[in-house]
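# Show me the folded form of this:
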Amino acid sequence: MTQWSVPTLIAVFAGFGLAIVLVVPYVAVTYRKRGELGMFRAIAAPAFLVYAFALVTYTLMPIPQIDAAYCVTHRKLRHPELNPLQFLSDMHQFNTDLLHNPALRQVLFNVAFFVPWGVLMRRLFGRSIGFAILSGFAMSLLIETTQLTGVWFLMRCPYRLFDTGDLLSNTVGAVLGAALAFRLRRRIRRPAGEPRPGRPGRRLRGM
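I've put the predicted structure just below:
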């Protein structure tokens, strides 16, 4: 099991576990507000919970054994990386092609990691493109600050680097997600207060 397997498993099980707990009140509120559940919302809501847990687990785990010796040997983590394009220099340190370059792959992962943020803010929560982008930047800044402060001073010292490159790539991911959600074909819905036909299937789901 790799170092990324544990965060993935935690995110999936915790997200779907919370979804199971919240399924009844979620269905009740959705039917009362919209008169229908909707396939997209039924899939996107638990996906958002899994994604939210993934944001936490992937940015904080794995947690190393942090002691005085660790803090001394990783003293450079106390100093933020303020050059958002530092990854371009890092790429030259690896004698590999672009597809296998660890520095580039990390940037691409950071971009892809925040694409769902832009999509979910637009399609699930119905927020504007500007809100999706700014909130993605704010969430990335919160994550980087959490890493810089050693999980808000709960740890003896930072064990992850505050990197403005990550801040940039995460925000780019939110931009791409918001743009992707904007281009997705939208389903036309009736106003929330307009009554829906009381079909047998809808009544059964409501019960």
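# hmm, who's touching stretch 79-87?
Stretch 79-87 is contacted by residues A103, L104, Q106, V107, L148, L161, F162, D163, T164, G165, L167, L168 when judged by C-beta atoms under 8 Å, 6 or more residues apart in numbering. For glycine as for every other residue, the C-beta is placed from the backbone atoms N, C-alpha and C.
# What segments of the chain are strands?
Taking DSSP state E to define them, one finds no strands in the chain.
# where are the low-confidence patches of it?
Scanning the chain for pLDDT under 70 picks out 1-4, 34-38, 184-207.
# care to break it down by domain?
1-63, 68-189 (the TED database).
# can you put these in TSV and add mean neighbour count?
Shown next, in TSV, are the domains of the chain (neighbours: other C-beta atoms under 10 Å):
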stretch	mean neighbour count
domain 1-63	15
domain 68-189	16
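# Can you tell me, leaving aside adjacent residues, what's nearest to V50?
Leaving aside its sequence neighbours, V50 sits nearest to G15 (C-beta to C-beta, 6 or more residues apart in numbering; 3.1 Å).
# I'd guessed the one you found sits against F53; true?
Yes - if you go by C-beta atoms under 8 Å, G15 and F53 touch, sitting 4.8 Å apart.
# pull the longest helix from the protein.
Taking DSSP state H as the criterion, the chain has its longest helix at helix 5-34.
# quick one: the helices in the protein?
5-34, 39-60, 68-73, 86-91, 102-123, 129-148, 150-153, 164-183, 200-206.
# Which residues are in contact with I10?
F53, T57, M61.
# Which one of these is nearest to I129?
Of all the contacts of I10, F53 has the smallest distance to I129: 25.4 Å, by C-beta to C-beta.
# contacting residues for Y51?
A11, G15, P116, W117, L120.
# May I see these organised as CSV, with distance to L180 added?
As requested, those are exported to CSV (distance: C-beta to C-beta, whole Å):
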residue, distance to L180
A11, 22
G15, 22
P116, 10
W117, 11
L120, 11
